[in-house]
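Undergrad: sequence plus the predicted model coming up.
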Amino acid sequence: MDSINILIGIGLIHCTLFFFDTFFKSCSHYPYLYFLENTGLEIQVLRVKWYTTACNRMIMKWAMDRSRFWLAWFNAGVIITVLLLPIASFIILKMTFSLWIGQSPKDSGIQTLEPMLPGVNLPLNEIGYYAATLALCSIVHEFGHALAAAREDVQVFGMGLLVAFVIPVACAHLNSEQLGALPIYNQLRILCAGVWHNIVLATLAAATLILTTWLWAPLFTVGQGVTVKTILPNSPLLGPTGLLERDTIYKINDCHVNDGDDWYHCILTAVRQPTPGYCITQKLIQDHDESVPAWHMANGAVSCCGDDSEEGGSLCFEYIEGPPAAPLQLPPHSCLPARLVILNTQRFCQYSHHCAPHEMHCMQPSLDNVTKVVQIKRREGKDVLFIGHPGEIYRTVDVSDWVPKYSFLSSDVPEALALLCKYVTVFSAGLAIVNVVPCFYFDGQYIVGALFLLRSKIRHKSLRQALALCVTCIGTLLLGVNLLYIFVNKII
């Protein structure tokens, strides 16, 4: 199903839920109200909120079981988060300075913070990874706050999950009065716990991604070719001698394919470079030549094959002459079976002298500038010959770096895990950096406020609070300007 249709379907589901919710509430439908109260559901416009106290006992138990460990754990979180705060602020300042002088942050080589939007800078077909990653990162973030609060004897009212259209966001409800009454160091453990857990999650996801190849080594190989995942029904590579799903491709013409990047590079090379010539023996040419009087076609190619020969898979090959002094030993054009020529070639060539032995000749298919002959080598089965624009191969064939060692395995599982790890690494690290920026409604606002309340040379508490508010206002303005600039540029 098309991704746009999926989004439209999700919107219709939200509208339907909101309609029935409004209808039953207006009728004072008591079973429905009882259902909402007991499940913790709340339905709003394009939003569904769920709240539960079921995790409270588990959170309390975990917090009390190993109190010393959690104390050291959250103390480490405070140190790492406080060290991250100036780094995040420096990134925002550098981005703002680049915008001030009229230079794009990316052009200046600066690390940028960029909102990830499905359909804008993320493919819509990966919206499931997007939603799952956001849910995981926010749950881990809020669970960190709740666990730290329970460790400091702050009441945890419950945990919630809000789905705004397709974006899931977790939330933890704490007793703010008890939190504010704690000593500053204890407050910092709770305030920094969310960012700290996001940092740990990003580190674990990155480590998993790095070790993915080693973890799957008993079942899959990586770097020794690509496996065909899907072939579109309109692909010109389908057919009795064409590609099949689960084929392992290791070469395109004379270009080696080790992974997906090589796959793209080899196809791009086939597009940009002319069709290569083939070194074949003079005997093969004499035994299989079926040429008829040649004529030039409108597209610039030369045809020297009859209708029956073309239907049988023959092409008109042009003899690539050697040095001017060398005698011409063959006619300029020969009609030869394409598969026979390519399978019996000794090497690729662009000039006659590339075919070293005297009995070898360089023969090149006579085609227009767009049409190319592409030889696709696979581990099992005959080589696939494609005649057409190589871009059709890339457009209609989807490949994976993961080559199964056993026929019952699918490359979808390790590929999905690797992609999820990439999303979690980027999103969790990004959320940690953004959350620590001193900005209203972010963790950075409360962290900066708590840091300014620590002992310092400024004795007046009201002055320290005013300075914290000033820093938060500046951070909010800088972050807002950067996000607005990036959003407008992505949309326009």
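TA: Arrived safely. Residues are numbered from 1 along each chain as shown.
Undergrad: by contact count, what packs against the helix ranked longest in the chain?
TA: Scanning the chain for the helix with the most residues, using DSSP state H, yields helix 67-100. Secondary-structure packing of helix 67-100 (3 or more C-beta pairs under 8 Å, 6 or more residues apart in numbering; DSSP states H and E): helix 127-151, helix 184-215, helix 412-436, helix 443-452, helix 461-491. All C-beta spots, glycine's among them, are computed from the backbone N, C-alpha and C.
Undergrad: and those: which comes nearest I249?
TA: helix 412-436 (16.0 Å; C-beta to C-beta).
Undergrad: can you tell me the SS state at I43?
TA: Counting by DSSP: H, G, I helix; E, B strand; the rest coil, the backbone at I43 sits in strand.
Undergrad: tell me the predicted confidence for it.
TA: You'll see I43 listed with a pLDDT of 88.
Undergrad: ditto for the one 5 residues further on
TA: pLDDT, the model's per-residue confidence, is 88 for V48.
Undergrad: how about the one 5 residues further on?
TA: Looking at T53, its pLDDT stands at 84.
Undergrad: before we move on, back to that, off-centre distance for the longest helix of the chain?
TA: 26 Å (C-alpha atoms, centre = their mean, to the nearest Å).
Undergrad: most centrally placed residue in the protein?
TA: L419 (6.0 Å; C-alpha atoms, centre = their mean).
Undergrad: that residue against G128, yeah?
TA: No - in this structure, L419 is not within contact of G128 by C-beta atoms under 8 Å, at 10.2 Å.
Undergrad: how many residues are close by L454?
TA: Neighbours of L454 under the rule other C-beta atoms under 10 Å: 10.
Undergrad: pretty sure it is touching P183, no?
TA: No - counting by C-beta under 8 Å, L454 does not reach P183; the two are 10.2 Å apart.
Undergrad: show me the chain divided up by domain.
TA: 3-44, 56-215+416-491, 221-408 (automatic domain parsing).
Undergrad: can you list those domains in JSON lines and add distance to W50?
TA: JSON lines is the format used below for the domains of the chain (distance: least, C-beta to C-beta, whole Å):
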{"stretch": "domain 3-44", "distance to W50": "6"}
{"stretch": "domain 56-215+416-491", "distance to W50": "5"}
{"stretch": "domain 221-408", "distance to W50": "36"}
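Undergrad: where does the stretch 301-450 of the chain dip in pLDDT?
TA: Applying pLDDT under 70 to the stretch 301-450 of the chain flags the ranges 321-330, 356-359.
Undergrad: would you list every one of the helices in the stretch 201-350 of the chain?
TA: Remark: helices assigned in the stretch 201-350 of the chain by DSSP state H, counting those that start in this stretch are 260-272, 282-288, 307-311, 338-343.
Undergrad: reformat these as JSON lines; add mean neighbour count and distance to L238.
TA: Putting the helices of the stretch 201-350 of the chain into JSON lines (neighbours: other C-beta atoms under 10 Å; distance: least, C-beta to C-beta, whole Å) gives the following:
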{"stretch": "helix 260-272", "mean neighbour count": "17", "distance to L238": "17"}
{"stretch": "helix 282-288", "mean neighbour count": "14", "distance to L238": "27"}
{"stretch": "helix 307-311", "mean neighbour count": "11", "distance to L238": "19"}
{"stretch": "helix 338-343", "mean neighbour count": "18", "distance to L238": "17"}
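Undergrad: can you put those in a markdown table and add distance to Y34?
TA: Compiled in a markdown table, the helices of the stretch 201-350 of the chain are given as follows (distance: least, C-beta to C-beta, whole Å):
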| stretch | distance to Y34 |
| --- | --- |
| helix 260-272 | 54 |
| helix 282-288 | 84 |
| helix 307-311 | 75 |
| helix 338-343 | 73 |
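Undergrad: among those, which comes closest to I252?
TA: helix 260-272 (4.0 Å).
Undergrad: packing partners for that closest one?
TA: Short answer (3+ C-beta pairs under 8 Å, 6+ apart): helix 260-272 packs on strand 226-231, strand 248-252, strand 255-256, strand 372-378, helix 391-396, strand 397-400.
Undergrad: switch to 6 Å and redo it
TA: Helices and strands in packing contact with helix 260-272 are not found; criterion 3 or more C-beta pairs under 6 Å, 6 or more residues apart in numbering; DSSP states H and E.
Undergrad: between it and strand 226-231, how big is the angle?
TA: 70 degrees (axes from the mean of the first three to the mean of the last three C-alpha atoms, to 10 degrees).
Undergrad: and the contacts of helix 260-272?
TA: 226, 252, 255, 257, 372, 374, 390, 393-394, 399, 401 (C-beta atoms under 6 Å, 6 or more residues apart in numbering).
Undergrad: now the residue nearest to the centre of the chain, nearest residue through space, not along the chain?
TA: Y129 (6.0 Å; C-beta to C-beta, 6 or more residues apart in numbering).
Undergrad: and the one you found, what pLDDT?
TA: Reading off the model, Y129 has pLDDT 89.
Undergrad: same question, R68
TA: 88.
Undergrad: residues in contact with it?
TA: Contacts of R68 by C-beta under 6 Å, 6+ apart: none found.
Undergrad: how far away is it from I184?
TA: 21 Å (C-beta to C-beta, to the nearest Å).
Undergrad: just C362 next, same as before
TA: 80 Å.
Undergrad: same check on P438?
TA: Counting by C-beta to C-beta, the gap from P438 to I184 is 16 Å.
Undergrad: who has more neighbours out of these two?
TA: Comparing P438 with I184 by neighbour count (other C-beta under 10 Å), the higher total belongs to P438, at 28 against 14.
Undergrad: assess the claim that that one and V448 are in contact.
TA: Yes - contact criterion C-beta atoms under 6 Å: P438 and V448 qualify, at 4.3 Å.
Undergrad: many thanks, we can stop here.
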